[in-house]
Each structure stands twice: as C-alpha cells, then as structure tokens.
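Undergrad: Dropping the sequence and predicted coords here.
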Amino acid sequence: MNMARALRTIVLFAVLIALHYSVRPLFAARASVDFLVIALLLAAVRVRPGAAALVGFLLGLLMDSLRPGTFGAASLAMTVIGYSASWLKPVFFADNLPLNAFFFFVGKWGFDAIYLIVGQRLQGRELVIQLLLWSPLAAAITAAVGVFLLVFARPLTESRSS
Amino acid sequence: MRRSSVSQGSRADVIVTLALVVLSLLALILPPAVRDPVASAVRQTAGVPLIELQERAENTRAAFLAHDSTSRVVDSLALESMDVLALRSENEHLRELLGLAARLRWGFLVSSADFLPANALGDRSLGREVMLTLNVGSRSGVAPYSPVVAPQGVVGRVRSVDPTSSLVELYSHENFRLSAMTADQRVLGIVRPHLGDSKDEYMLEMGGVQFRDTLDAGTVIYTSGLGGTFPAYVPVGTVVRELGTAEMWARTYLLSPVVRPGDIRTVIVLTPQRAVAGVEGVWVSAPDSAARATAAVGDSIRADSLARAMSAIAAATRQRLLDSLKAAGVLVEPPRPASPAGPPANPAPPSPSPAPAASPAAPVDDSATRRPPPALPPTVPGQSGSLLRAP
C-alpha cells in the first residue's frame, strides 16, 4: 500500500467516522447503518490482524466513551471483528459484490451480537428480538451502504498503478 | 474487495489481539470510579469533535421533528394575536359606545348591527353596504325614521320596524338625505351619498351650499336639526374638497363620513323623544356650545345696536322734517296712541328676522332691550295712515 493510497484510506476512514456521528443520529432508527463497522472492515482488509484489532479497539473505545453504561463492550466487539475481518480477508474475493455485502453483513451482525451479549443491556426476549430482527436489518442496511461505498470509493482506495 | 498483500497473521498479531481483548474485558469489569475518568478523558480528547457532530445532528433532527409542531404553534399564536387585535378594537369601540351612552343618558337603544347581504337588495347597492339590520324593534321602542348613530356620528335612519328587528338605511343609501351645517351654523347644505367613482366609495357630498360660503378642508359638518329626523349637532363628516358641478349658484363639497361601514358593529338608536330633546353637548363639547352662545349674544347685541342707531337716525330725520313743515306753515298733528284693545290702524311690520349668525339652538331674547322701531313718515302722503293734514 503506497503512501497516497494509505492517505486516501485514512481520509475515507475519518469521513466514515464523521458520518457515523453526523448522519446516523438524523434517523435515530433501531435499524440504522453503522459507519464505524464499515470503516473498520474497510481498514481491516488492508492491514495486519493485530493492527486491525488495534484499530477496532480504538474505535470501540471511542464508542464506549459515549456510552459509559457498557464501557468495554464495544471495544471487545470491535477488536474481535477487526481481527476476524483481517484474518478472513483471503476468503473474500476482490470483485464479488455479494460476497463483500455478506462480509459487511456478518461484520455488523457479529459486532451487534458481541456488543449486546457482553454489554448485557438487553436480556431475554428483547435480546432475542434485537439479535434476530433489528440487528439483521441493521446489518443489511450496513451491507448495502458498505457495498455502495466500496463501489464508489474504489477509485480513492486503490492505487492507479495496480 | 481486493486481496491485500499483508500476511494472514502472526503470533504478534494474536498476542496484540489477546491483550486488547483482555483490556476490553477489564474495562467491562472496572468499577465506575475508575471507568468513568477513562471514558471522560476519551470524550474530552478524541471524542470532542464527534460529540459536537452528534449534538448538531440530534439538534437538526429535533428541529426537523419539531417543525410541524412549531408551525402549528406559530399559526395558533398568529390566529390568537389576530383575535387579540380584533378584541382590542371591539373593546375600544364598546368603550366609545359606553361614553356616548353616558353622555346621552336617556332615550336610546343599543343594538348590534349586521349588514344586510348585498344580494338581498338586487343590483341597487352596487357592492356598497347600504342597509343594516338591528336586533331591536318596535317592542323596544324603535320607530320609523329614528336616527341611528355611532360614537363617531351619523350612521343612518330606521327605515322599517318589526316587533323584534329593524331595517336601517345607511348614509350610503342612494335615498339618504340630511340637512347639515357647520358648527357655527354659518353654512347650511344637504348631505347625500356621493355616488361617484369607486375610489370615493362611501363618501358623502354636501350640496346646496350658498355660493358665497366656502368651506375649508377638514371642516366638520354636523346635522342641522332641520328635517325632523336627526337632532342638531350630530357629526356627519369632514370636508375633503369642493366638487365641480354644473350648478353656478351653489357649491357642493365632498365629505368623508365620520363613520366608516367597517367600523359599524354596535349602534345606538335614538328614540323620537330623545331626537326632539336634542343632543347638543353630546358630540360637541361644552366650550364649543359656550362659544356659539357667546357669538350669538354678540350678534344679538350688534343687531340691537344697529336698531338703536337706525332709530336715532329716523328720529332725527323725522324731527328735521317736522321742523321744516312747521317752518312752512303746515299743521302737524301729534301721532295718535295705538288702541290697546283693537288692532292697530297701522300695524307694525313683523319683527325683523334674527341675524343669520344667531344660533337657533341658543336664541337670545332681546325683546326687553330692543326698542320698537319708530314709525317713519311715509314718503308718499296719503298712502297710509297719514300724519299730515292740509290746513
């Protein structure tokens, strides 16, 4: 990854974080797009698993700081998702959009599952509904937006020489 | 997603990841006393711009969601403020009405007024409000031709009366006529609706003003009391300008009515007894009345002085004539005293009419101070009761 490509990736990463805190509150829906997971997955496929885990941990720490009731849950979930995404990246092929969509879907759903279970904010029936209804919906929306960004942001994130 | 050249992972990655997982688990089990300062530190450093972004987004959403309710509140407030303005105007009108009622004291009826729909009158109204309906009728004492007034002045007159309602002909009705005058009674005329161009809608005109009399713009015109419907001194309108007419012997003035149809909500109907008793001092203030009375007295005194001077001149002339006749040897009889029982052989001419400027509303009885004019000698001998007799 050359310098320009790394810089563009960082800019896209920052933009996605900003979008998470500026666009997502506008809708305030139970099933909404998670730009932080998209940012983590886009970064994770480009770095080593340890670095991806570190990025995930830092993003999770940021999320936890704004939600002190579940402090540590987002860090753990993002660390696991970052490491897993980076470790699983050879599985996914470059230009297969459905597979990439599934990648985003699983990433978001996995994050929600770890976060909800570890954070213990929801229990019982509510937890089941959230995990089986709202989280898949949010994961689907996140996957759609992720694929959209992947397609339209590819000129930014790939080197011209390749 | 393009495959990266980075290797799939090493022991270092696993160790780092495990360390981060352990840190996360530690964060989960940390007591709040330790956890909160860490979260606060993150919020106050890296979280500051993100928190601002989130707050702005939440505020935007709240504003968006509140837009409809805010619009409803603003609309409600606008409507209520309009109601407040209307109520304030009505309150002021009612206060004026109360003031008028307090000055009138007796002989009137207060009624709410509604305009008769123009389509009920056919095409005669030409879009003007010309008729009113009142919710008082003959049972309340309203009689036909009763004057209808507002705190500002003339509104119209009752045209027909039912037991519980009345129909009022507004001053804008084409048949409306009113005898009017200025406050000093110097100028008299007939007021009628001005049926001219539409920009002068609801204007009045005062015709029949003697050509020698001129009125300045802004002069207030009152009812004269002539005609038997309206008592004197009810404001009718103010002079706007003189109208050019084909009449060369009289002037016509355009008047702006003191009562606009839009201001008519509650009116006062004067009973016939009250109209006969007069309303002087109700609309015209007491100083004005006193000034008019003073002017009338002054006019009367001036007329009396003139009569005295004329009497003196006549007496001197008569004395000179008698002296001349005596000198010429003509016998002159003294004038016979008038018989108290029978009519005088030479009845005195009717007393001179009062001076035009004298107020009929405040007449001054000057018969006690005014001497009857002396009988002047006839200029043609033998034409009437002659004082001359041939020797």
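TA: In hand now; what should we look at? If you're wondering where the values come from, they're calculated on a predicted model, not measured in any experiment.
Undergrad: For the rest of this, base every contact and every neighbour count on C-alpha atoms.
TA: Will do.
Undergrad: So what's the residue count around residue A:153?
TA: Per other CA atoms under 10 Å in any protein chain shown, the neighbour tally for residue A:153 reads 15.
Undergrad: what's near enough to touch residue A:31?
TA: A:134-135, A:137-138, A:141 (CA atoms under 8 Å, 6 or more residues apart in numbering or on different chains).
Undergrad: Compare those and tell me which has the most neighbours.
TA: residue A:135 (24 neighbours).
Undergrad: mind listing what's buried in the lowest-mean-pLDDT helix or strand in chain A?
TA: Sorting the helices and strands of chain A by mean pLDDT, DSSP states H and E puts helix A:24-27 at the bottom, at a mean of 82. Neighbour counts using 16 or more other CA atoms under 10 Å in any protein chain shown place A:24-26 of helix A:24-27 among the buried residues.
Undergrad: just those residues now: which is nearest residue B:76?
TA: Proximity of those to residue B:76 (CA to CA) peaks at residue A:26, which lies at 27.9 Å.
Undergrad: What helix or strand is the nearest residue to that closest one once chain neighbours are set aside located in?
TA: Computed as CA to CA, 6 or more residues apart in numbering or on different chains, the closest residue to residue A:26 that is not its neighbour in sequence is residue B:61, at 5.2 Å. In the assignment (DSSP states H and E), residue B:61 maps to helix B:47-104.
Undergrad: For that helix, name the packing helices and strands.
TA: When contacts are defined as 3 or more CA pairs under 8 Å, 6 or more residues apart in numbering or on different chains; DSSP states H and E, helix B:47-104 packs onto helix A:3-22, helix A:24-27, helix A:49-66, strand B:266-270.
Undergrad: Name the nearest residue to residue B:193, ignoring sequence neighbours.
TA: Of all residues not flanking residue B:193 in the chain, residue B:204 sits nearest, at 4.3 Å (CA to CA, 6+ apart).
Undergrad: neighbours around the one you found, how many?
TA: Using other CA under 10 Å, residue B:204 has 25 neighbouring residues.
Undergrad: Next up, the contacts around it.
TA: Contacts of residue B:204 (CA under 8 Å, 6+ apart): B:172, B:191-194, B:237, B:254-257.
Undergrad: now, which of those lie within strands?
TA: B:191-193, B:237, B:254-257 (DSSP state E).
Undergrad: which stretches of chain A have low pLDDT?
TA: A:1, A:91-95, A:156-162 (pLDDT under 70).
Undergrad: quick one, helices of it?
TA: Along chain A, the stretches classed as helices by DSSP state H are A:3-22, A:24-27, A:35-44, A:49-66, A:73-88, A:97-119, A:124-129, A:135-157.
Undergrad: next one: the stretch 151-300 of chain B
TA: Along the stretch 151-300 of chain B, the stretches classed as helices by DSSP state H, counting those that start in this stretch are B:272-277, B:286-327.
Undergrad: Need the mean per-residue confidence for the helix or strand following the helix holding residue B:61.
TA: Once the chain leaves helix B:47-104, the next helix or strand it forms, by DSSP H and E, is strand B:108-115. In this model, strand B:108-115 has an average pLDDT of 79.
Undergrad: In contact with the most centrally placed residue in chain A, which residues?
TA: In chain A, the residue lying closest to the centroid (CA atoms, centre = their mean) is residue A:37, at 1.2 Å. By CA under 8 Å, 6+ apart, the contact set of residue A:37 is A:78, A:104, A:107-108, A:111.
Undergrad: returning to what we had before: who's in contact with the residue nearest to residue A:26?
TA: By CA under 8 Å, 6+ apart, the neighbours of residue B:61 are A:25-27.
Undergrad: now do residue B:179
TA: The neighbours of residue B:179, taking CA under 8 Å, 6+ apart as the test, are B:188-191, B:223-227.
Undergrad: now with 7 Å?
TA: Residue B:179 sits next to B:189-191, B:223-224, B:226-227 when contact means CA atoms under 7 Å, 6 or more residues apart in numbering or on different chains.
Undergrad: try residue B:147
TA: B:156-158, B:229-230, B:269-270.
Undergrad: give me that answer again for 10 Å
TA: Listed by CA atoms under 10 Å, 6 or more residues apart in numbering or on different chains, the contact set of residue B:147 reads B:108, B:154-159, B:168-169, B:228-231, B:268-272, B:274-275.
Undergrad: Not including adjacent chain positions, what is the nearest residue to it?
TA: If the residues on either side of it in the chain are set aside, residue B:147 comes closest to residue B:157, at 4.5 Å by CA to CA, 6+ apart.
Undergrad: Check whether the one you found really touches residue B:144, as I assumed.
TA: Yes. In terms of CA atoms under 10 Å, residue B:157 counts as a neighbour of residue B:144; the distance is 7.9 Å.
Undergrad: Name the residue in those two with the higher neighbour count.
TA: Taking neighbours as other CA under 10 Å, residue B:157 and residue B:144 compare with residue B:157 leading, 25 against 20.
Undergrad: what's around the closest residue to chain A within the stretch 251-391 of chain B, how many residues?
TA: In the stretch 251-391 of chain B, the residue that lies nearest chain A is residue B:262 (51.2 Å; CA to the nearest CA). Around residue B:262 there are 8 other residues, counting by other CA under 10 Å.
Undergrad: Please name the bridge partners of residue B:255.
TA: Beta-bridge pairing of residue B:255 under DSSP bridges involves residue B:204, residue B:239.
Undergrad: Count the residues that sit near it.
TA: 29.
Undergrad: what's the pLDDT at it?
TA: 91.
Undergrad: What of residue B:158?
TA: Per-residue pLDDT puts residue B:158 at 90.
Undergrad: Show me what it is bridged to.
TA: Under the criterion used here (DSSP bridges), residue B:158 is bridged to residue B:168.
Undergrad: Quick check: the closest residue to residue B:26 other than its chain neighbours vs residue A:20, distance?
TA: Spatial nearest neighbour of residue B:26, excluding adjacent residues (CA to CA, 6+ apart): residue A:72 at 7.5 Å. Residue A:72 is 19 Å from residue A:20, where distance means CA to CA, to the nearest Å.
Undergrad: Same question for residue B:312.
TA: From residue B:312 to residue A:20 the distance is 117 Å (CA to CA).
Undergrad: Looking at these two, which one has more neighbours?
TA: Comparing residue B:312 with residue A:20 by other CA under 10 Å, the one with more neighbours is residue A:20, at 21 against 14.
Undergrad: I'd say the more buried one and residue B:50 touch.
TA: Yes. With contacts counted by CA under 10 Å, residue A:20 reaches residue B:50, the gap being 8.9 Å.
Undergrad: re the thing from before, who's in contact with the residue nearest to residue B:26?
TA: A:57, A:60-61, A:63-65, A:78, A:115, A:118-119, B:21-30, B:35, B:39.
Undergrad: of those, buried ones?
TA: A:57, A:60-61, A:63-65, A:78, A:115, A:118-119, B:21, B:23-25, B:27-28, B:35, B:39.
Undergrad: returning to what we had before: dump the helices and strands packed on helix B:47-104 into TSV; add distance to residue B:113 as well.
TA: Output for those, formatted as TSV (distance: least, CA to CA, whole Å):
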stretch	distance to residue B:113
helix A:3-22	62
helix A:24-27	56
helix A:49-66	68
strand B:266-270	5
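Undergrad: Identify the residues contacting the residue of the stretch 251-391 of chain B closest to chain A.
TA: With CA under 10 Å, 6+ apart, residue B:262 has these contacts: B:115, B:129.
Undergrad: before we move on, what about residue A:123?
TA: A:116-117, A:129-130.
Undergrad: and what of residue A:21?
TA: Contacts of residue A:21 by CA under 10 Å, 6+ apart are A:34-36, B:49-58.
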